[in-house]
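Quick one: sequence and predicted model below, then my questions.
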Amino acid sequence: MAEGVEIRGNKSLPDLGREALSFTFHTLFAVLALVLVVGTFALFHAPDDSSAPKLLCTGLAFLVPMLTGFLMMKVRPNPVASYVWISGMIIFSLVCVWVLDLPTGNGLCNDCGAFDKLWRTFFSIDHNSGLMAGDGLLIGTWTPLAMIGYAVGAKFGFTEEEAI
């Protein structure tokens, strides 16, 4: 039965291990770029009830990791970095399942359906669901957005000529 199995790419186990480690490091770089953005906002004590800082941070949660991914590809080109968006989608999916399992109550998206729970937790700037202690933007939106931004920047910055 094993004779008919075709391994695409003919990669050895150490090559696959290096790619997995590289994928993990690039995911961490994307998260560190997000930590830089959120830390900067925390340093300047952005007001929690205003929507302007949240919108600005949402934009920067994409742009700063995108710039980081682009610069990383110019310094050390690696085609694996453009797949970091997969980590973002996995995190978003896991957090969505977590939010759907959270109990509702007074002040916590009372009588919300599944769509309202997710929308108000991750995408509503002014009318938050109150679930996840109000950190839905940070955990469920900005983190995946940072990973997607990093992957986009890495894709723009990577050229096959530089990798050779």
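All right, it came through fine.

measure residue 95 to residue 131 for me?
To residue 131, residue 95 is 11 Å away according to C-beta to C-beta, to the nearest Å. Every residue, glycine included, has its C-beta placed from N, CA and C.

Settle it for me: which of those two has more neighbours?
residue 131 (24 against 20; other C-beta atoms under 10 Å).

hang on, the more buried one packs against residue 108?
Yes. Using C-beta atoms under 8 Å, residue 131 is in contact with residue 108, at 5.8 Å.

Could you check how many residues crowd around residue 59?
Residue 59: 13 neighbours (other C-beta under 10 Å).

Can you check the pLDDT for it?
As predicted, residue 59 sits at a pLDDT of 95.

buried sites along the host helix or strand of it?
Assigned by DSSP states H and E, residue 59 belongs to helix 51-75. Neighbour counts using 16 or more other C-beta atoms under 10 Å place 53-54, 57-58, 60-70, 72-73 of helix 51-75 among the buried residues.

Least confident secondary structure element in the chain?
Ranked by mean pLDDT, DSSP states H and E, the weakest helix or strand in the chain is helix 160-163, scoring a mean of 63.

contacting residues around residue 30?
65, 68, 69, 84, 87, 88, 146, 147, 149, 150, 151 (C-beta atoms under 8 Å, 6 or more residues apart in numbering).

Closest one of these to residue 118?
residue 88 (16.0 Å; C-beta to C-beta).

need the contacts of residue 30 in CSV with pLDDT, can you?
Below are the contacts of residue 30 laid out as CSV (pLDDT from 0 to 100):
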residue, pLDDT
65, 97
68, 97
69, 96
84, 96
87, 96
88, 96
146, 97
147, 97
149, 97
150, 97
151, 97
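
measure the residue nearest the centre of the chain to residue 60 for me?
With distances taken as C-alpha atoms, centre = their mean, the residue of the chain nearest its centroid is residue 144 (2.1 Å). Distance from residue 144 to residue 60, counting by C-beta to C-beta: 15 Å.
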